[in-house]
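**Q** build me a structure from this.
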Amino acid sequence: MDLRIDDLTGSEVAELLSEHIQSMRIHSPPESKHALDLEGLRKPEITFWSAWEGNELVGCGALQELNRHHGEIKSMRTSSSHLRKGVAKRILQRIIDEAKQRGYRRLSLETGSMDAFEPARRMYANFGFRYCKPFSYYIEDPNSVFMTKEL
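**A** Purely as a prediction, here's the structure:
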């Protein structure tokens, strides 16, 4: 698998992110949807990675700098045709490694509280993330779960 920093201009990435947003709409009410679109991910404080097997996009993920000591995981998504193949684990490890290189002390994330998000929550827990209170601009929300990992 080739993980690379992506400029978000490719049609494959746009399609995968569109799939991601659509999935969030299915599983989360509008007021609880925190997934970023292409423009939202093009901010200078966000680094976006795409994961490829040959010419096929298999997943993506992003790291947003909240401050010089705290990062947030954004837009983790595995292509539906590559689920349960370890794609998300590889992307998550790359994001954790980058956060450590940057000197972050903490890495956090928001994900859904519904059953559809259970595999993601389990993966994050297996990487040492623990449940926490809302961080940054987030507020308590019954549809959201917040997790953090001390680095």
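
**Q** other SSEs contacting the lengthiest helix in the chain?
**A** Ranked by residue count under DSSP state H, the longest helix found in the chain is helix 11-27. Applying 3 or more C-beta pairs under 8 Å, 6 or more residues apart in numbering; DSSP states H and E, we find helix 11-27 packed against helix 38-41, strand 56-67, strand 70-78. Every C-beta, even on glycine, is put in place using the N, C-alpha and C of the backbone.

**Q** element containing residue 98?
**A** helix 87-101 (DSSP states H and E).

**Q** tell me what the residue lying closest to residue 135 once chain neighbours are set aside is bridged to.
**A** Excluding the flanking residues, the one nearest residue 135 by C-beta to C-beta, 6 or more residues apart in numbering is residue 108, at 5.0 Å. Applying DSSP bridges to residue 108 gives these bridge partners: residue 72, residue 148.

**Q** burial count for residue 108?
**A** When neighbours are defined as other C-beta atoms under 10 Å, residue 108 has 21 of them.

**Q** what's the answer for residue 65, then?
**A** Neighbours of residue 65 (other C-beta under 10 Å): 17.

**Q** alpha carbons only: can I get the one helix or strand in the chain whose mean pLDDT sits lowest in PDB?
**A** Lowest mean confidence among the helices and strands of the chain (mean pLDDT, DSSP states H and E): helix 11-27, at a mean of 80. This file holds the C-alpha atoms of helix 11-27, laid out as PDB (Å, rounded to 0.1, in the frame of the first residue of the first chain):
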ATOM      1  CA  SER A  11     -11.400  12.500  -9.100                       C
ATOM      2  CA  GLU A  12     -10.900   9.300  -7.100                       C
ATOM      3  CA  VAL A  13     -10.400  11.200  -3.900                       C
ATOM      4  CA  ALA A  14     -13.400  13.400  -4.600                       C
ATOM      5  CA  GLU A  15     -15.500  10.300  -5.100                       C
ATOM      6  CA  LEU A  16     -14.300   8.600  -1.900                       C
ATOM      7  CA  LEU A  17     -14.900  11.700   0.100                       C
ATOM      8  CA  SER A  18     -18.400  12.100  -1.400                       C
ATOM      9  CA  GLU A  19     -19.100   8.500  -0.400                       C
ATOM     10  CA  HIS A  20     -17.800   9.400   3.100                       C
ATOM     11  CA  ILE A  21     -20.200  12.400   3.300                       C
ATOM     12  CA  GLN A  22     -23.100  10.400   2.100                       C
ATOM     13  CA  SER A  23     -22.500   7.700   4.700                       C
ATOM     14  CA  MET A  24     -22.400  10.400   7.400                       C
ATOM     15  CA  ARG A  25     -25.800  11.700   6.200                       C
ATOM     16  CA  ILE A  26     -27.200   8.200   6.400                       C
ATOM     17  CA  HIS A  27     -26.000   7.500   9.900                       C
END
